[in-house]
Each structure stands twice: as structure tokens, then as C-alpha cells.
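*Asks:* test case, fold it:
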Amino acid sequence: MPSETNVFERAGEWLRCALHTHSTVSDGDLPPRAVARQYATAGFDVLALTDHWRLATVDDVPEIMMVPAAELTVDLGPVGWTADLLVYGIHEIPEDPGGDRRNWMINVEEHWEQRTFPSVEAGALWAHEQGGVAYLAHPYWTGAGSYAFDDAPHLAGVEIYNGSSECEGGRGDSSLMWDEGLQRGLRLHGIATDDSHMPLFDIGLAWTWVKVAERTPSAVVDALRVGDSFCSTGPRILEVHTNDDGIEIHCTPARAVHVTTSRENGASITAGRGGRRCGRILETDGSGLITRAFVEVPGDVDYRRVRVVGAVGDQAWTNVL
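*Replies:* Here you go, the predicted structure:
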């Protein structure tokens, strides 16, 4: 399932995006403007306030671009079992999304509300009809499982890493479920996020880089729709070049570079004398960490994506290449 184009080889500007955050409009600790100022100060270019069933807006923090967004909810099956959708580029919130009202709730004390769509596809289709795009949030944390991706052709992707879920309960990394969906032929893109509720504590845990031709909210939404992005908890992927024999990766210093493909396949390059190498280390920094490598993976596998592991175990992920 090769990509039609390689975003790393196209012109454009990379923007660092915070795509899952909360304010006092729902269950966050700071007002929207304060959240925007925190992220601008932390070096982000784009902020999506994804308050629960609310559209929060900020129009007076020019240092950061705002993308309209919200975190909505969908029914999964038995009563009480739901999952969350992150929707971007929307301009309203539905009063009655048509889901099972037994799953609807209001928490007055925490200023939090939940309504539901009847399915993942219903919520993703609603976002699409708004001109927006939907990603399934933290499926490992909710227990949604990769089957939640099925029968949802309008779902753009999945939140493969959620910083708050990882810090609070060790269930932040959903990349295994992402691979399960890719293995089944689902073309899903990945994002990584903070899921910030308590700024200063949970800002800068994970983020997504999108490549755009212009600095506009609609360009960011379009990039999320087609997967012109990569995501990270630290490392930066600078260049990726593909051919039928493998993938060349230029990155910030890394102890390993992996190419994940279909089951029982894939290849890795690891730094150090004892490192296993399915390819070649082309460049290193002064300490022996990898900065450029060629990983040998044939082009006829089901899919190929890159994962870079930094010196302290932090990671970066590309979409399918």
C-alpha cells in the first residue's frame, strides 16, 4: 500500500500542532486564552482546543493559530461503552447526535458533558459533512480496540500516542492498534497529543507536525485529512526518501530507526557495537547516535511506516510511506 506522494519530499512549511487540549469551557484547568498563551510560549504553531461537546474560541493570541475543534463521543456497543472522536475544522456542535441516551451524561462539578453518536462512522461522517476531519482518540485508554476503526470509511486516523493517558495509567501508546488497522488494509493516519487538562504539568508531552503550503486553519485540516504529517514525543524526522529496496531516513540523533510493515516483516537499524542492522548507518553524531540511515525493506509489503527512537527512548512516527 505505497503512498502516492512523499510529504517529506514536497515543498511546504512544517507546523508544530497541539491537537488535543482542554480548557475551562469543559474540564480543563485554565481559560481558553490562557491555554493558548501557554502553548504559544512552549513553541507551538497551532492549537486545537478540543473541549468536550463545546467549541472553544480564542481570537486575541496572534502568536498561535487556532483550529476549531472538539472532543465528541460515540457508542461502541453495550450500554456504558463509548469512545471519543477528535474532530477538526467544524463550525457547530450537534444538539442531538442520535446516539444511545443511556450513555449521555453531565458532570456539573467538573463542567463536563457527554452525548453520543450511534457509531464511529456516524461521528466521522458528521465531521466530514461539516468540512472537517475526525480521528479516534486514545483507543488503548478507552479499550476501544482496533475493531473500532472498521466500517468507518470517513475516519481519517487514530491518536496513536496520548501523553496524559501514558502518564496517568500507562495506556497512552495505541500504535499497536494502528498497525492492526493498517494490516487489515485501512489507510489510517496517526497523530500524537498531550490531551492537556493541567497546563504546565501536561504540555509538551507529544505533538504532531503537519506540512502546509500556507499558514491557515483550513490548510492544517486538509493536512490532517490526507496525512501530511508525522508525530513525536521528542525526535524530529527531517527527511525520508523511499525506493523499492528500502527507506533512507534523516533525523535528529536516535538510538534506533525502525521500519514497521506487515506482520512478521519489518527491519531496524540500531546504534552501537552490538546493534542489529538491516541496512546501513550513513551518518552519526559525535556520540555515535544515528542521524541518517538506510533501512532495507522491500516495497511490495502491505505498508511501510518509520519509527525513530531517540537517545532517551522518546519516539517519532511517520504515516504510511
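*Asks:* for the rest of this, base every contact and every neighbour count on C-alpha atoms.
*Replies:* Noted.
*Asks:* from the chain's centroid, how far away is the helix or strand harbouring Leu176?
*Replies:* Assigned by DSSP states H and E, Leu176 belongs to helix 175-183. Distance of helix 175-183 from the chain centroid (C-alpha atoms, centre = their mean, to the nearest Å) equals 13 Å.
*Asks:* now stretch 258-269
*Replies:* Centre-to-centre, stretch 258-269 and its host chain are 21 Å apart (C-alpha atoms, centre = their mean).
*Asks:* tell me the domain ranges of this structure?
*Replies:* Here the domain parsing of the chain from automatic domain parsing is 7-232, 237-318.
*Asks:* can you give me the neighbour number for Pro153?
*Replies:* 14 (other C-alpha atoms under 10 Å).
*Asks:* next up, the contacts around it.
*Replies:* For Pro153, the contact set (C-alpha atoms under 8 Å, 6 or more residues apart in numbering) comprises Glu121.
*Asks:* looks to me like it is in a strand.
*Replies:* No - the assignment for Pro153 (DSSP: H, G, I helix; E, B strand; the rest coil) gives coil, which keeps it out of a strand.
*Asks:* so where's this structure uncertain?
*Replies:* Filtered on pLDDT under 70, the chain yields the residue ranges 1-4, 274-277.
*Asks:* so where do the helices sit in it?
*Replies:* Shown for the chain, the helices assigned by DSSP state H span residues 32-41, 120-129, 139-142, 163-169, 175-183, 217-226.
*Asks:* can you list the buried residues in the third one?
*Replies:* Going by neighbour count (16 or more other C-alpha atoms under 10 Å), the buried part of helix 139-142 is Pro139, Tyr140, Trp141.
*Asks:* go on, the second one?
*Replies:* Taking 16+ other C-alpha under 10 Å as the neighbour-count basis, helix 120-129 is seen to contain the buried residues Val120, Glu121, Ala122, Gly123, Ala124, Leu125, Trp126, Ala127, His128.
*Asks:* could I get those residues in CSV, plus columns for distance to Ala271?
*Replies:* CSV is the format used below for the buried residues of helix 120-129 (distance: C-alpha to C-alpha, whole Å):
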residue, distance to Ala271
Val120, 41
Glu121, 43
Ala122, 46
Gly123, 44
Ala124, 41
Leu125, 44
Trp126, 46
Ala127, 43
His128, 43
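*Asks:* now, the most widely separated pair of those residues?
*Replies:* Val120 and His128 (12.2 Å; C-alpha to C-alpha).
*Asks:* identify the single longest strand in this structure, thanks.
*Replies:* strand 246-260 (DSSP state E).
*Asks:* circling back: could I get the helices of the chain as a markdown table with distance to Thr50?
*Replies:* As requested, those are exported to a markdown table (distance: least, C-alpha to C-alpha, whole Å):
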| stretch | distance to Thr50 |
| --- | --- |
| helix 32-41 | 10 |
| helix 120-129 | 14 |
| helix 139-142 | 16 |
| helix 163-169 | 14 |
| helix 175-183 | 21 |
| helix 217-226 | 14 |
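*Asks:* so for Thr82, which of these sits nearest?
*Replies:* helix 139-142 (7.7 Å).
*Asks:* and the closest one, what other elements does it pack with?
*Replies:* strand 82-88 (3 or more C-alpha pairs under 8 Å, 6 or more residues apart in numbering; DSSP states H and E).
*Asks:* who's in contact with the strand it packs on?
*Replies:* 20, 48, 50, 67-76, 103, 116, 120, 123-124, 127, 132-139, 142, 144, 221.
*Asks:* try it again at 7 Å.
*Replies:* 50, 67-76, 127, 132-137, 142, 144, 221 (C-alpha atoms under 7 Å, 6 or more residues apart in numbering).
*Asks:* put the alpha carbons of that strand into PDB.
*Replies:* Taking Å, rounded to 0.1, in the frame of the first residue of the first chain, the C-alpha atoms of strand 82-88 are listed here in PDB:
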ATOM      1  CA  THR A  82     -18.100   4.600  24.400                       C
ATOM      2  CA  ALA A  83     -15.200   6.000  22.600                       C
ATOM      3  CA  ASP A  84     -14.100   9.600  21.800                       C
ATOM      4  CA  LEU A  85     -13.500  11.400  18.500                       C
ATOM      5  CA  LEU A  86     -11.300  14.400  18.000                       C
ATOM      6  CA  VAL A  87     -12.900  16.500  15.200                       C
ATOM      7  CA  TYR A  88     -11.200  19.300  13.500                       C
END
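*Asks:* lovely, talk soon.
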